[in-house]
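In: Any chance you could fold what I've pasted below:
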Amino acid sequence: MRVAIIHEWLVTMGGSEKVLQSIVELFPMADIYCLVADKNIVKKLGFKNQKIYTSFIQKLPFSIKKYKSYLPLFPLAVEQFDVSNYDLVISSSHAVAKGVLTDCSQLHITYCHTPIRYAWDLYHQYLKETKIKFGFKGWIVRYFLHKVRIWDFIASQRPDIYISNSNFIGERIKKVYNRDSITIYPPIEMDKFELEIYKENFFVTSSRMVPYKKIDLIVEAFSKMPDKKLIVIGDGPDFNKIKRIATSNVLLKGYLPHAEMVYYLKKAKGFVFAAIEDFGMLPVEAQACGTPVLALGKGGVLESVIPNVTGVLFEEQTVSSLMVGIIEFEKKYPLFDFKQIRLHAEKFSKERFNIELKSFIEKMLKDKVKKGW
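Out: Here you go, the predicted model:
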């Protein structure tokens, strides 16, 4: 069986790339199509035997670093991929990958990380945070995002089947695209995260520093609680902005290699998470180390954190609400069972993901054959 895998871009190492790795393991002879690819990231992902095809955007100026600037070209680019010779097409999509063109003789399954955030649910927040809500530039951006929304809805009807990475995203898919989906939670590589029962007296958070991750909110809350120590791992566009508000009890580590990041996840008394995330792999990775989570009680995290068992949830995405959450977390901290937290995280293992995804795809292929494919 000939298999093509469509992924938006291979320029960073994030949760969607971990999902892609697992899909490639299931279909090691598959060809990979993406808009742009950084050869260093391809190497880190371990893709040696796979053919990787990129779009015309790859050849445009500064495409690796400034690929998002070419957003208006994304729909055109993904539609230029010729996947007509494949039996099975799997798109790993949080933007345009699902829009690849297939015909009725092919099975197209989309693993959807989210509908395009900045075109749908984060549209107004995106305009506000980028300070382009008004003026000529603002109207240009609004116009193109309007066009992207129209194309995105049309493209959303192309896949035969949707898999969501959480029930939360399944609801978004239904709301935005009016499509049903099944949920298969992303893969957590449990063997890369060891249980640690001897914790130290600090909190940790980790993320790419972009506005919707709300690292600035976490840093501001801890800056107002000088007796609480916070370690921040990650880099990104907001790094300098966050650095300016950090006080002496907040240590910004920047990007760290995996082994060093895991050390802090293991030793921390708690992992702090303030984003409304699609699923949120990092809170589960922290739990895999036996570390309880302090998280905003919204989004995909509601499916991975058990209140008062594997963590504590705070109510609002505000500094004051997080500060109340920190106090509540410390009160309940002696009751946490680190071994139980690890056992809970094992429900999201990579092995479980591979079994569920393989079984589902096999079932869909058999159903298509029965229908005369």
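
In: for the stretch 251-373 of the chain, what spans make up the strands?
Out: 270-273, 293-296, 311-314 (DSSP state E, counting those that start in this stretch).

In: Redo the ones you listed as JSON lines? Include mean pLDDT, mean neighbour count and distance to A155.
Out: Yep, even glycine has a C-beta here, placed from its N, CA and C like the rest. What follows is the strands of the stretch 251-373 of the chain, written out as JSON lines (pLDDT from 0 to 100; neighbours: other CB atoms under 10 Å; distance: least, CB to CB, whole Å):
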{"stretch": "strand 270-273", "mean pLDDT": "98", "mean neighbour count": "27", "distance to A155": "31"}
{"stretch": "strand 293-296", "mean pLDDT": "98", "mean neighbour count": "27", "distance to A155": "31"}
{"stretch": "strand 311-314", "mean pLDDT": "98", "mean neighbour count": "24", "distance to A155": "35"}
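
In: Turn those into a markdown table, columns for distance to T12.
Out: Shown next, in a markdown table, are the strands of the stretch 251-373 of the chain (distance: least, CB to CB, whole Å):
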| stretch | distance to T12 |
| --- | --- |
| strand 270-273 | 19 |
| strand 293-296 | 23 |
| strand 311-314 | 27 |
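
In: can you tell me which of those comes nearest to E220?
Out: Counting by CB to CB, E220 lies closest to strand 270-273 out of the strands of the stretch 251-373 of the chain; the figure is 12.0 Å.

In: so what strands line up beside the closest one?
Out: strand 203-206 (parallel), strand 293-296 (parallel) (DSSP bridges).

In: so can I have CSV of those showing distance to K98?
Out: Shown next, in CSV, are the strands paired with strand 270-273 (distance: least, CB to CB, whole Å):
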stretch, distance to K98
strand 203-206, 29
strand 293-296, 28
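
In: Which of the residues in stretch 364-373 are classified as buried?
Out: M364, L365, K368 (16 or more other CB atoms under 10 Å).

In: SS state for the closest residue to T102 other than its chain neighbours?
Out: Distance criterion CB to CB, 6 or more residues apart in numbering; nearest residue to T102, sequence neighbours excluded, is H108 at 4.5 Å. Three-state assignment for H108 (DSSP: H, G, I helix; E, B strand; the rest coil): strand.

In: List the contacts of H108.
Out: V89, I90, S91, V100, T102, R158, P159, D160, I161 (CB atoms under 8 Å, 6 or more residues apart in numbering).

In: any idea of the pLDDT on the residue nearest to I361 when sequence neighbours are not counted?
Out: Nearest residue to I361, sequence neighbours excluded (CB to CB, 6+ apart): I109, at 6.4 Å. In this model, I109 is scored at 98, pLDDT.

In: right, and W9 touches V42 too?
Out: No: W9 sits out of contact with V42 when judged by CB atoms under 8 Å, with a separation of 11.1 Å.

In: out of the two, which sits in the more crowded spot?
Out: Between W9 and V42, counted using other CB atoms under 10 Å, the more crowded position is W9 (25 against 17).

In: For that one, which residues count as its bridge partners?
Out: Assigned bridge partners for W9, using DSSP bridges, are V36.

In: From L60, how far off is L101?
Out: 22 Å (CB to CB, to the nearest Å).
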